[in-house]
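Visitor: here is my input, please return the structure:
(one chain, ligands or ions: 1)
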Amino acid sequence: MDMKYHIWTEGCQMNVADSQRLASALEQIGYQPARQAEEADVIVLNTCVVRQSAEDKAYGRLHSLRPLKDKNPRLVINLMGCLVGVRSYERLQQRFPFVDVFSPPSDPGPLVAFLSQGESQALEQAETAHRFALMDEEAAAPLLLPVEERGRLISAHVPVVLGCSHACTYCIIPYRRGIERSRPAETILSEVRSLVAQGVKEVTFLGQIVDRYGKDIPGGPDLATLLRKAHEIEGLERIRFLTSHPNWMNAALLEAVAELPKVMPHIEVPIQAGDDTVLENMKRGYTAEQYRRLVESIRARLNGGFPGVSIATDIIVGFPGETEAQFQRTYDLLAELRMDVAHLARYSPRPDTVAHRRLPDDVPAEVKMERFRRLEALQEQIAAEISARYLGETVPVLFEEKVKARWKGRTPTNKLVFVESADDLRGRLLPVRITWAGPWSMLGML
Ligand code: SAM
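Guide: Numbers count the residues shown, from 1 in each chain. All right, here's what the predicted structure looks like:
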């Protein structure tokens, strides 16, 4: 029948993984990938709404599909992800009547049902659909990668915890991705085995609070145990996990990272703010001092030898009520802790969230921008200094793909390294001597 699909993915790694699983499901019912949306019979928009800017992008993209649908009424448009969420999508349906299928995050089910059963049955099914998108565990393991990635993808994302139940006051994710659900360890492990059989060398376990893995399964394994089990998989060379919440990082997890050579020394653990009142208003559940001690304990346990452990954090500037003095505490803490990476965001009020309902968005846009820029400049300087330590050193790099003339890979600490080589380096783990180091990437020689 030669039917084609095109997926547009926005947002986090979880969405990347969700799109990959959807592509796999579509190929199993006979669809093939189309490079351009214009060539496709089915177009999927996998959306993000973590900030207003992401949501606006999704609407823009959605509007741009209207003329395609007008030209070809047989075109199937699927709106997926956090714009749809796990609750009712009636308002979206009214606003975008040209969308054929609405799917919650992590759920290929509604589109596959629509395409394989015909519209009427699928709509009926959609009424009772898994609004909490538990993923079809039978279908999820083993996972057959989409044809364009099979034998080519080196580093794969594997969701291990879906949803989130923490409810930080600024965050829309729990409302859109539903309650926290850990996937069974056996499902995850068999998925990893199948990925390795298709050429994958590195997996990154994903969860909004990945270090809570297993807490919702009575007697379930924890993340440390899952890492130990995954470590035994032959052919798998590297394991990573993100994002951790400071309150759930524990000694057993750090022990597993320290002991298991395949588990990379890279921890993503957001602080969000360095001031205790702001942290309290965000309902993060820790103080700046507790975070400082956590960073110390991560470094104490994992910093043996060069280059040691790398730590990434997330920071939101301009949270409601954030004063200059409170922002300065965040700045000072970042300067003191010297993280490898800081993902920075300007606070964006999100519907349904506690902060949106109770706290006025009172930090002016230009002040948010100015604080963002100050942190950005600080982090650039810190990252450059950390990178400079790599100059002249030899580090193991796992190569993923060729980007223009250079091969791109990562160090155990997740630093991006580019190398010129005429050889095919895809999937190879090789020692590289670093010859140039900038804040965001490095160059090296085999
Ligand atoms: N669940 C993780 C955590 O514990 O923070 C991270 C996931 S969240 C999708 C990624 C980042 O987006 C957060 O760490 C936060 O810094 C940022 N973020 C979330 N809500 C935001 C908002 N309303 N405005 C600005 N940034 C936001």
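
Visitor: ok, residue 325 - how many residues close by?
Guide: Other residues near residue 325 come to 8 when the count uses other C-beta atoms under 10 Å. C-betas here are computed from N, CA, C, even on glycine.

Visitor: for residue 19, that is, sorry about that
Guide: If you count neighbours by other C-beta under 10 Å, residue 19 ends up with 21.

Visitor: looking at it now. What's its pLDDT?
Guide: Note on residue 19: pLDDT of 97.

Visitor: who touches the helix or strand harbouring it?
Guide: Residue 19 belongs to helix 13-28 when assigned by DSSP states H and E. Residues outside helix 13-28 that contact it (C-beta atoms under 8 Å, 6 or more residues apart in numbering): 5, 7, 9, 33, 42, 44, 46-48, 80-82, 105-106, 108, 111-112, 115, 135, 139-140, 143-147, 149, 156-159, 177, 204, 206, 208, 242.

Visitor: any of these buried? List them.
Guide: Using 16 or more other C-beta atoms under 10 Å as the burial test, the contacts of helix 13-28 include 5, 7, 9, 33, 42, 44, 46-48, 80-82, 105-106, 108, 111-112, 115, 135, 139-140, 143-146, 149, 156-159, 177, 204, 206, 208, 242 as buried.

Visitor: list the contacts of residue 220.
Guide: Residue 220 neighbours (C-beta under 8 Å, 6+ apart): 182, 185, 214.

Visitor: picking that back up, can you confirm whether the helix holding residue 19 lies near the ligand?
Guide: No - judged by C-beta under 6 Å from any ligand atom, helix 13-28 and the ligand are separated, with a smallest distance of 8.1 Å.

Visitor: and the next helix or strand past that helix?
Guide: Using DSSP H and E, the next helix or strand after helix 13-28 towards the C-terminus is strand 32-33.

Visitor: parallel or antiparallel, which strands does that following strand pair with?
Guide: Strand pairing for strand 32-33, using DSSP bridges, gives strand 4-9 (parallel).

Visitor: dump the strand it pairs with to CSV, keeping only the CA atoms.
Guide: Extracted as CSV, the C-alpha positions of strand 4-9 are listed here (Å, rounded to 0.1, in the frame of the first residue of the first chain):
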residue,chain,number,x,y,z
LYS,A,4,4.1,6.9,4.8
TYR,A,5,4.3,8.5,8.2
HIS,A,6,6.1,11.6,9.4
ILE,A,7,6.7,12.4,13.1
TRP,A,8,7.6,15.9,14.4
THR,A,9,9.0,15.7,17.9
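
Visitor: residue 164 touches residue 174, doesn't it?
Guide: Yes - using C-beta atoms under 8 Å, residue 164 is in contact with residue 174, at 4.6 Å.

Visitor: more neighbours, those two?
Guide: More neighbours surround residue 164 than the other of residue 164 and residue 174, with 22 against 19 (other C-beta under 10 Å).

Visitor: assumed that one was part of a helix.
Guide: No - counting by DSSP: H, G, I helix; E, B strand; the rest coil, residue 164 is not part of a helix but coil.

Visitor: now for it: which residues touch it?
Guide: Contact analysis of residue 164 by C-beta under 8 Å, 6+ apart lists 171, 173-174, 177, 179-180, 208-209.

Visitor: helix or strand for residue 113, which one?
Guide: If you go by DSSP H and E, residue 113 is part of helix 109-117.

Visitor: can you give me the strands in the stretch 151-300 of the chain?
Guide: Under the criterion DSSP state E, counting those that start in this stretch, strands of the stretch 151-300 of the chain are mapped to 155-159, 161-162, 181-182, 202-206, 238-242, 266-268.

Visitor: near the ligand, list only the ones from the contacts of helix 13-28.
Guide: Near the ligand, by the rule C-beta under 6 Å from any ligand atom, you find residue 208 out of the contacts of helix 13-28.

Visitor: that older thread, out of the strands of the stretch 151-300 of the chain, which gets nearest to residue 298?
Guide: Nearest to residue 298 among the strands of the stretch 151-300 of the chain is strand 266-268; the distance by C-beta to C-beta comes to 5.7 Å.

Visitor: which neighbours do residue 164 and residue 174 share?
Guide: Listed contacts common to residue 164 and residue 174 are residue 208; contacts here mean C-beta under 8 Å, 6+ apart.

Visitor: pretty sure residue 80 belongs to a strand, no?
Guide: Yes - counting by three-state DSSP, residue 80 is found in a strand.

Visitor: tell me the contacts of the closest residue to it other than its chain neighbours?
Guide: What sits nearest to residue 80 in space, not counting adjacent residues and going by C-beta to C-beta, 6 or more residues apart in numbering, is residue 103, at 4.1 Å. Taking C-beta under 8 Å, 6+ apart, we find residue 103 in contact with 78-81, 84, 109-111.

Visitor: phi, psi for residue 103 please.
Guide: With angles defined as degrees, to the nearest 10, residue 103 sits at phi -130, psi 130.

Visitor: and the gap between it and the ligand?
Guide: Separation of residue 103 from the ligand (C-beta to the nearest ligand atom, to the nearest Å): 19 Å.

Visitor: which pLDDT value goes with that residue?
Guide: In this model, residue 103 carries a pLDDT of 97.

Visitor: surely residue 431 forms part of a helix?
Guide: No - using three-state DSSP, the secondary structure at residue 431 is strand, not a helix.

Visitor: so it sits right up against residue 394, yeah?
Guide: Yes - applying C-beta under 8 Å, one finds residue 431 in contact with residue 394, separated by 5.0 Å.

Visitor: which one of those two has more residues nearby?
Guide: Neighbour totals were compared for residue 431 and residue 394, and residue 394 leads with 15 against 10 (other C-beta under 10 Å).

Visitor: quick one, what contacts the more buried one?
Guide: Shown in contact with residue 394 (C-beta under 8 Å, 6+ apart): 431-434.

Visitor: let's see 10 Å
Guide: The contact partners of residue 394, taken as C-beta atoms under 10 Å, 6 or more residues apart in numbering, are 306, 430-434, 444-446.

Visitor: from these, which shows the smallest pLDDT?
Guide: Across these, the smallest pLDDT goes to residue 306, namely 89.
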